[in-house]
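In: give me a 3D structure for the following:
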Amino acid sequence: MKRLICISLFALLVGVGPAFAQTGTTPATLPAPAPQTAPAPLPAGSRLAFVNLQVVFTESALGKQGQDRWRVLNEKLFAGLSARQKEIQGLTEKIQAQRSLIDDAVLKQWNQDLTRLQREAQFAQQEAQVQSDQLQQDVLADFEKQILPVINTLRLEKKLDAILAIQSDPGGLSLLSIEPGLDLSAEVVRRLNTMK
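Out: As a prediction, the model looks like this:
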């Protein structure tokens, strides 16, 4: 169960990280889940239930704190990458504008500087991605550490055989038709939010 939750949680954020690496732009926040009405009661005799981890992650205070930590780091990293890109763009424009007006030795030095700046920017982008990925893994590990006892307690209290993790992303378990009371996501969010 722990491995399933870890894989499911990783899938929540993994789609956001590659966008940061490829485009050099700040990643989008996770989409907000559709508003839910009051949860239906668990049907009598139920042996299975499920938790939508994306709902729990986006709606719980714990999940929001983790998202904020990751967003702040990414914004900081993006600001540094953006400054490097502006420096590269400025030097590129300077070379193009003054190419015919300057000495070949100066032009050669500017081109070497441009190449060095581009290598440094590429390295900085790779390093930023590593830092972002590491924090993402830390956030998910912290979230998993907090959510597992809540889910296990809920399973025992409700006398269930299993609580499945679902997610709306591709590769996640999709439920086409199910008794609404089997969705324990709101209960997990409520319990996480009342923990200190």
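
In: show me what secondary structure element comes after the helix or strand bottoming out on mean pLDDT in the chain.
Out: One helix or strand of the chain scores below all others by mean pLDDT, DSSP states H and E: helix 16-23, with a mean of 42. Towards the C-terminus, the helix or strand next in line after helix 16-23, according to DSSP states H and E, is strand 48-52.

In: which other helices and strands does that next one contact?
Out: Counting contacts by 3 or more C-beta pairs under 8 Å, 6 or more residues apart in numbering; DSSP states H and E, the secondary-structure elements packed against strand 48-52 are strand 162-166, helix 185-194. Bear in mind the C-beta positions are built from the backbone N, C-alpha and C, glycine included.

In: distance check, K94 against I102.
Out: To I102, K94 is 10 Å away according to C-beta to C-beta, to the nearest Å.

In: overlap of the contact sets of the two?
Out: Both K94 and I102 are contacted by W110, under the criterion C-beta atoms under 8 Å, 6 or more residues apart in numbering.

In: which ones are touching A61?
Out: If a contact means C-beta under 8 Å, 6+ apart, then A61 has L192, N193 as its contacts.

In: change it to 10 Å
Out: Residues near A61 by C-beta atoms under 10 Å, 6 or more residues apart in numbering: V189, L192, N193, T194, M195.

In: do W110 as well
Out: Taking C-beta under 10 Å, 6+ apart as the contact definition, W110 lies against L91, T92, K94, I95, Q98, R99, I102.

In: just the pLDDT for it.
Out: Listed pLDDT for W110 reads 94.

In: switch the helices and strands packed on strand 48-52 over to CSV, and while doing so, append mean pLDDT to every line.
Out: As requested, those are arranged in CSV below (pLDDT from 0 to 100):
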stretch, mean pLDDT
strand 162-166, 87
helix 185-194, 91
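
In: where does pLDDT dip in this structure?
Out: By pLDDT under 70, the low-scoring segments of the chain are 1-38, 168-177, 196.

In: how distant is the helix or strand containing Q136 from the center of its chain?
Out: Element membership for Q136, per DSSP H and E: helix 104-157. Put simply, helix 104-157 sits 11 Å off its chain's centre (C-alpha atoms, centre = their mean, to the nearest Å).

In: between helix 185-194 and that helix, find me the angle.
Out: The directions of helix 104-157 and helix 185-194 differ by 100 degrees, with axes from the mean of the first three to the mean of the last three C-alpha atoms, to 10 degrees as the criterion.

In: coming back round to it: which one of the helices and strands packed on strand 48-52 lies nearest to I178?
Out: Evaluated with C-beta to C-beta, the helices and strands packed on strand 48-52 place strand 162-166 nearest to I178, the distance being 9.6 Å.
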